[in-house]
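Trainee: test case, fold it:
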Amino acid sequence: MPYIGASLHILVAIFFAVHAIRHRRELYWLMILFAFPLLGSVVYFFAIYLPDSRLQHGARKVTVAALKALDPGKELREAQEAFELTPSAQNQMRLAAAYLEAGDPQQAAQLYEACLQGPFANEREMLLGAAKARLLCAHAAEALELLNRIRQHHPDFRKETTGLLFAQAYAKLGQHDQARAEFANAAREYGSVNAYVEYAIWAYNTGDSATANAQVQELERMQKHWDRHHFTMHKALLKRLEDARKLGA
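Mentor: Residues are numbered from 1 along each chain as shown. Okay, the predicted model is just below:
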């Protein structure tokens, strides 16, 4: 039995060593893992592996959602205070993002337009936020302008989110062939809840029930593996989907 335990420790250490090599971690982790297989594996798990894992990202999303539910106005208050204290470009972008998150795209759009004239006019997070705000303010053509700038200057940045915004902007402009291509690519490439839901909502709104039902089937397949945290996390999205389904029925 002691030999079995020792073998398991070594196998676990090898697993984490492979992870360290693939993710280009410092070489001293290999020394720690093989010099102290059990302790080294435990340390590596909590210090490196868990923060990089999808489990950690999912837990972080649930935690953020819970904090927002407890105090939904906290970030906006803190962003306003920071901007009043130091009206820098960075704090202006933070305040714009807070307004957008709080459901006030008009105020967010005004702040973002000022940011677009400043020293961070091509900052990718700012461009994405400004495109979202423009889209929510029914300025789809202007949103496309910013989205094209993102693809030109930051082609690998938030590709799923950018693709879905492209699709929604095209849809608002009545360019449904382009919208379909963007939605389909996002669903195919990323297979996320957000991609399937947005594609299905667009399809219901355009009367394409076959495409919408195909996305719903993918969602139902995913939901078989969800726990209550997943349903809570995606509650708003699923509500929008259900509303679109009823209107399209």
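
Trainee: contacts only, for Thr161.
Mentor: Leu128 (Cβ atoms under 8 Å, 6 or more residues apart in numbering). C-beta coordinates here come from the backbone N, C-alpha and C atoms, glycine included.

Trainee: in what helix or strand does it lie?
Mentor: Take DSSP states H and E as the rule and Thr161 turns out to sit in helix 159-172.

Trainee: least confident secondary structure element in the chain?
Mentor: helix 54-70 (a mean of 51; mean pLDDT, DSSP states H and E).

Trainee: tell me the buried residues in the helix or strand following that helix?
Mentor: Going down the chain from helix 54-70, the next helix or strand is helix 74-85, by DSSP H and E. By 16 or more other Cβ atoms under 10 Å, the buried positions in helix 74-85 come out as 75-76, 79-80, 82-83.

Trainee: for Leu238, state which of the residues you listed is nearest.
Mentor: Set against Leu238, the nearest of these by Cβ to Cβ is Glu75 (24.3 Å).

Trainee: touching, that closest one and Glu101? I think so.
Mentor: Yes. With contact defined as Cβ atoms under 8 Å, Glu75 reaches Glu101; the gap is 6.6 Å.

Trainee: show the pLDDT at the most centrally placed residue in the chain.
Mentor: The chain has Thr161 as the residue nearest its centroid, 6.8 Å off, counting by Cα atoms, centre = their mean. As predicted, Thr161 sits at a pLDDT of 95.

Trainee: before we move on, back to that, quick check: of the buried residues of helix 74-85, which lies closest to Leu237?
Mentor: Nearest to Leu237 among the buried residues of helix 74-85, with distances taken as Cβ to Cβ, is Glu75, at 20.6 Å.

Trainee: excluding sequence neighbours, find me the nearest residue to the closest one.
Mentor: Ala98 (5.0 Å; Cβ to Cβ, 6 or more residues apart in numbering).

Trainee: what about that neighbour, which helix or strand?
Mentor: Mapping Ala98 onto the secondary structure by DSSP H and E places it in helix 89-101.

Trainee: just list the residues touching Ala20, thanks.
Mentor: Contacts of Ala20 (Cβ under 8 Å, 6+ apart): 29-30, 33, 44, 48.

Trainee: who touches whatever helix or strand Ala143 lives in?
Mentor: Using DSSP H and E, Ala143 sits in helix 140-153. With contact meaning Cβ under 8 Å, 6+ apart, helix 140-153 is reached by 122, 124, 127-128, 130-132, 134-135, 157, 162, 165-166, 168-170, 172-173.

Trainee: one more: stretch 87-104?
Mentor: With Cβ under 8 Å, 6+ apart as the criterion, stretch 87-104 contacts 72-73, 75-76, 78-80, 82-83, 105, 107-108, 111-112, 114-115, 118-120, 123, 125-126, 129-130, 132-133, 136.

Trainee: could I get the contacting residues of Ile48?
Mentor: So Ile48 contacts 16, 19-20, 23, 25, 29 (Cβ under 8 Å, 6+ apart).

Trainee: try 10 Å
Mentor: Contacts for Ile48 were tallied using Cβ atoms under 10 Å, 6 or more residues apart in numbering; they are 16, 19-20, 23, 25-26, 29.

Trainee: who wins on neighbours among those residues?
Mentor: Of all the contacts of Ile48, Phe16 has the most neighbours under the rule other Cβ atoms under 10 Å, reaching 24 neighbours.

Trainee: low pLDDT regions in the chain?
Mentor: Applying pLDDT under 70 to the chain flags the ranges 1-9, 23-24, 49-72, 249.

Trainee: domain ranges for it?
Mentor: 2-52, 158-249 (automatic domain parsing).
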